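In: Build me a model from this:
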Amino acid sequence: MPRKPKKEKRVSDQPKRIEELDPGAFSVTRLLSRLKFAGFIIGLVELLLVGLVAVLYYLDAPKGFVEGVNPWYWLLAIGIIAIFDICFIWIAIYVVGKKKHATDLQAASVLGSDVQEAYKFGEIGLVVTDDEGCVIWTNSFFRERSLDILDINIFDWQPKLKNFLDANLPSDFKVEFDCGSLYFSVRYLTDAHLFIFRDMTNYHVIEVTSENNRLVIGFLMIDNYDEKFERSEEGNSDVLTNVRQAIIEYAKDHDIGLRRYRSDAYFLVCHYSALHSVMEDQFSILEKVRKAGEGQNFIPTLSIGMAYGIDIVGRLTEMATNALNIAMSRGGDQAVVAKAGDDLAFFGGKTPSVENTNRVQFRSLADSVLTLIKSAPLVMVSGHSSMDMDAFGACLGIYAFCQHVGKNCKIVYDMKDTELKTRSAIQSVFGKGIDKLTISPSEAEERIKSNTLFIVVDVSNPNNIMGRKAFEKATKVVVIDHHRPGDNSIEHPILNHTDSSASSTCEILAEMIHYANGERIELPSVFATFMLSGMFLDTNGFKNQNTGARTFEAAEILKGYGADNVAADSYLKDDFEELYSLTALCSRVVTPETGVVYVCTPDDEKPMDDVTISKLSDYYMKAKGIHASFAIGRIASNTVKISGRSDGTINVQLLIERLGGGGRFTAAAAVINNIIPSAAAARLEEVLRNYLDQARAPLPQEKSQRE
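Out: Here you go, the predicted model:
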């Protein structure tokens, strides 16, 4: 007879629950609980009997009870109780052992013998729990690692495992955690109450070691070296020596390779572990260098750019260079760390930008822009969305440059995306003539070519550019801005001039027009008036901290071109209803921190003009003792603007950046979509709680020593 083929052992697709494998098996913990209860009852009965006999003996009731009872009976009773207790304990131990043996299933009972061998070879740990999460079985994986978790609640042992209790988790969800010197990755099979542990310690050590040993490249620059040291009196040489010594000691303490390749610049190289310690230290070298200038008439500062996250040296060097440029364009006194594929990290930035008075730089910038304009058949210039007077005035300045060299220029302009006061001024001054100067965003997108020069003014965030689609098609981009750039800046422009020490972009354009080589650039008086109005707007009428000698010189330049300061001021005036709404909001002022206030419009308030919100934050800076103020209001049905101002003792840009915005040291703003004003106010309060101390500038006595 032919032999019957052997039945193959099959492993069930779905692991069985413990109750399905052995209906009589239940948690050892439950059994112990029952035995404890039984022991308690027995002990209680014995105590009651002993107590009853003691009372009868004391009262001799019934009479003659003491004399009538043979003393041997007492010994016999005690012996019976002792034997009974010993038997109970023995039975309890036997039952627990038997039940523990029944519950102590082999892994083959759950997943099959083949899988058991595979798990043993792969060092996989298995844990079975009851419905309450109490561990009722583990394999030898845990004993080999000196972990005894039987009969304890697994969620109390590792609270992170509670994440598995969420019913909506994906099937491949896992939890990773440290357990002493071990590192585990855990999966969970809900139906079987089975936790699958994988020992990832060796892999984790390799991963951490590899991460810590990743290459980091950086550059360090002493800010304004020429003005502070080379062109100054010899007394500053001691400060320079102290600065360099502080840099060398800091690099040595943190295991950073350092090489000076220029009198004011250093090349840095290290492992990520060193960079991590420096970031944990919040780049305290910035503070140490500032202290090196104590007692002098200026404060020395550093700009640092570092990069990591990729093993291509050339790319790392480029990233570090860009990070350094961003640190310098944000005003210096800060470090910027770039990680490949991630957002930039900013450290420092506690001092306002030092005013740049280098006329050679202005002339070089103007000549570079003119050269690029001459080589382009068409120039398009654009500001930011919700265009204000500074952005439009700067666009007019670029238009004048193009007229000077006879090049066709168009301002990208969307009337619906222009701030109300700016739109009203444009309509009243230019009328329909504005069409000759401008082009709509959609038409700009159609007309732009590979050789078109696209100049962006008063903005460096590509998401906020008016005519964004046209910008995205541009291959030749120039950026001129006065805001400190954030981590989302225009990449690879052919020319980028970001001067955060300037009060406005119109100020920069006025300087460029004045200092350009060659024949005098003609600037129509109407253009000059709009540019002056832009300066009025961004300086709050020459009253904010960024107003310096440069600002008044630029205003003088514009006056020389016929700017009308009365008209420039009138463009920014509030109407009666707007002024009334501003004063009505005074009762809603909140003081979350000493010297810091904010006002939030009601959630049901109709949208306001965004310049009005900016004026509202300016308004509260007039009060004594106020170091920073914020205004929050709706500018569209689902869009809220947060405007921030400070007196220079708090860097509002660092705070506003946490809300997704940007700006400069004393003035910044954020526009948040899909939010109501009260929710935006809650986010602002959270930022103030977490980051206000980081945003505070040096003490007034230090700040007064600035040049």
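In: Quick check: bridge partners of Gly663?
Out: Arg484, Ala668 (DSSP bridges).
In: I figured it hits Pro485, correct?
Out: No - at 10.5 Å, Gly663 does not count as touching Pro485 under the criterion of CB atoms under 8 Å. The way it works is simple: take the backbone N, C-alpha and C, and place the C-beta from them, glycine included.
In: and for the two, which residues touch both?
Out: Taking CB atoms under 8 Å, 6 or more residues apart in numbering as the contact criterion, no residue touches both Gly663 and Pro485.
In: and Asn546, how many residues sit next to it?
Out: Neighbour count of Asn546, defined by other CB atoms under 10 Å: 25.
In: which residues touch it?
Out: Asn546 neighbours (CB under 8 Å, 6+ apart): Pro352, Ser353, Ser501, Ala502, Ser503, Asp538, Thr539, Arg664, Phe665, Thr666, Ala667.
In: Quick check: phi and psi at it.
Out: phi -80, psi -10 (degrees, to the nearest 10).
In: where does it land on pLDDT?
Out: For Asn546, the model assigns a pLDDT of 74.
In: do you know how far it is from Thr539?
Out: Relative to Thr539, Asn546 is positioned 7 Å away (CB to CB, to the nearest Å).
In: Also Ala669?
Out: Counting by CB to CB, the gap from Ala669 to Thr539 is 15 Å.
In: try Thr475
Out: 35 Å.
In: Ile490 too?
Out: Counting by CB to CB - Ile490 and Thr539 are separated by 25 Å.
In: Neighbour count for these two, which is higher?
Out: Thr539 (22 against 19).
In: Quick one: residues contacting the more buried one.
Out: Neighbouring residues of Thr539 by CB under 8 Å, 6+ apart: Ser503, Ser504, Asn546, Thr547, Thr551.
In: Spell out which residues make up each domain of the protein.
Out: 18-103, 107-205, 213-348, 359-570, 576-703 (automatic domain parsing).
In: tell me the most buried of these?
Out: domain 359-570 (a mean of 20; mean count of other CB atoms under 10 Å).
In: now stretch 239-256: mean pLDDT?
Out: 92.
In: mind listing what Ile613 touches?
Out: Going by CB under 8 Å, 6+ apart, Ile613 touches Ala631, Ile632, Gly633, Ile635, Lys641, Ser643.
In: Which residue ranges of the stretch 151-300 of the chain form helices?
Out: In the stretch 151-300 of the chain, the helices defined using DSSP state H, counting those that start in this stretch lie at 154-157, 201-212, 225, 237-253, 272-280, 285-291.
In: still on that earlier bit, rank the domains of the chain by mean pLDDT and give me the bottom one.
Out: domain 18-103 (a mean of 70).
In: in what helix or strand does Ala366 lie?
Out: helix 359-374 (DSSP states H and E).
In: How many neighbouring residues does the closest residue to Ser424 other than its chain neighbours have?
Out: Excluding its sequence neighbours, the residue lying closest to Ser424 (CB to CB, 6 or more residues apart in numbering) is Tyr571, at 7.8 Å. Neighbour count of Tyr571, defined by other CB under 10 Å: 22.
In: quick one: Gly397 and Ala510 touch, right?
Out: Yes - Gly397 is within contact range of Ala510, at 7.1 Å (criterion: CB under 8 Å).
In: can you list residues touching both of the two?
Out: With CB under 8 Å, 6+ apart as the test, Gly397 and Ala510 both reach Met531.
In: which residues sit in contact with Ala555?
Out: Ala510, Leu532, Met535, Phe542, Ala563.
In: If we use 10 Å, what do you get?
Out: Contact analysis of Ala555 by CB atoms under 10 Å, 6 or more residues apart in numbering lists 503, 506-507, 510, 528, 531-532, 535-536, 539, 542, 547, 563, 565, 568.
In: what helix or strand does it sit in?
Out: Here Ala555 is assigned to helix 549-560, by DSSP H and E.
In: Let me know the angle separating that helix from helix 359-374.
Out: 50 degrees (axes from the mean of the first three to the mean of the last three CA atoms, to 10 degrees).
In: CA atoms only for the helix or strand following helix 549-560 - export them in CSV, please.
Out: As assigned by DSSP H and E, the chain's next helix or strand after helix 549-560 is helix 565-570. The C-alpha coordinates for helix 565-570 follow below in CSV (Å, rounded to 0.1, in the frame of the first residue of the first chain):
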residue,chain,number,x,y,z
ASN,A,565,7.4,115.0,2.8
VAL,A,566,3.8,116.4,3.4
ALA,A,567,2.4,114.2,0.7
ALA,A,568,4.5,111.3,1.8
ASP,A,569,3.1,111.5,5.2
SER,A,570,-0.5,112.0,4.0
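In: Need the contact partners of helix 565-570.
Out: Residues outside helix 565-570 that contact it (CB under 10 Å, 6+ apart): 389, 393, 421, 425, 428-429, 525-526, 528-537, 541, 555, 558-559, 564.
In: change it to 8 Å
Out: By CB under 8 Å, 6+ apart, helix 565-570 touches Thr529, Phe530, Leu532, Ser533, Phe536, Gly541, Lys559.
In: Dump the C-alpha coordinates for the helix or strand where the third one lies into PDB.
Out: What that stands for is Leu532. Using DSSP H and E, Leu532 sits in helix 525-539. These are the backbone C-alpha positions of helix 525-539, laid out as PDB (Å, rounded to 0.1, in the frame of the first residue of the first chain):
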ATOM      1  CA  SER A 525       9.800 113.700  -7.800                       C
ATOM      2  CA  VAL A 526       6.700 111.500  -7.600                       C
ATOM      3  CA  PHE A 527       8.900 108.400  -7.300                       C
ATOM      4  CA  ALA A 528      11.000 110.100  -4.600                       C
ATOM      5  CA  THR A 529       7.900 111.000  -2.700                       C
ATOM      6  CA  PHE A 530       6.700 107.400  -2.700                       C
ATOM      7  CA  MET A 531      10.100 106.200  -1.600                       C
ATOM      8  CA  LEU A 532      10.200 108.800   1.200                       C
ATOM      9  CA  SER A 533       6.700 107.500   2.300                       C
ATOM     10  CA  GLY A 534       8.100 104.000   2.400                       C
ATOM     11  CA  MET A 535      10.800 105.200   4.700                       C
ATOM     12  CA  PHE A 536       8.200 106.900   6.900                       C
ATOM     13  CA  LEU A 537       6.300 103.700   7.100                       C
ATOM     14  CA  ASP A 538       9.100 101.400   8.100                       C
ATOM     15  CA  THR A 539      10.700 103.800  10.500                       C
END
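In: list the contacts for the nearest residue to Ile299 once chain neighbours are set aside?
Out: Leaving aside its chain neighbours, Ile299 sits nearest to Gly293 (4.7 Å; criterion: CB to CB, 6+ apart). By CB under 8 Å, 6+ apart, the contact set of Gly293 is Val239, Val243, Ile299, Pro300, Gln705.
In: For Val336, see how far away the second one is.
Out: Read it as Val243. Counting by CB to CB, the gap from Val243 to Val336 is 20 Å.
In: ditto for the first one
Out: With distances defined as CB to CB, the gap from Val239 to Val336 amounts to 24 Å.
In: now swap in Ile513 and tell me
Out: From Ile513 to Val336 the distance is 31 Å (CB to CB).
In: Spatially central, which residue of the chain would that be?
Out: Arg658 (6.4 Å; CA atoms, centre = their mean).
In: quick one, what contacts it?
Out: By CB under 8 Å, 6+ apart, the contact list for Arg658 reads Val687, Asn690, Tyr691.
In: hang on, the earlier thing: how about the contacts of Gly293, which pair is most distant?
Out: Val243 and Gln705 (14.9 Å; CB to CB).
In: Identify the residue spatially nearest to Tyr561, adjacent ones excluded.
Out: Ala528 (4.0 Å).
In: Enumerate every residue touching the one you found.
Out: Leu558, Lys559, Tyr561, Gly562, Ala563.
In: Which member of those residues is positioned nearest Gly406?
Out: Relative to Gly406, and with distances defined as CB to CB, the nearest of the contacts of Ala528 is Tyr561, at 19.6 Å.
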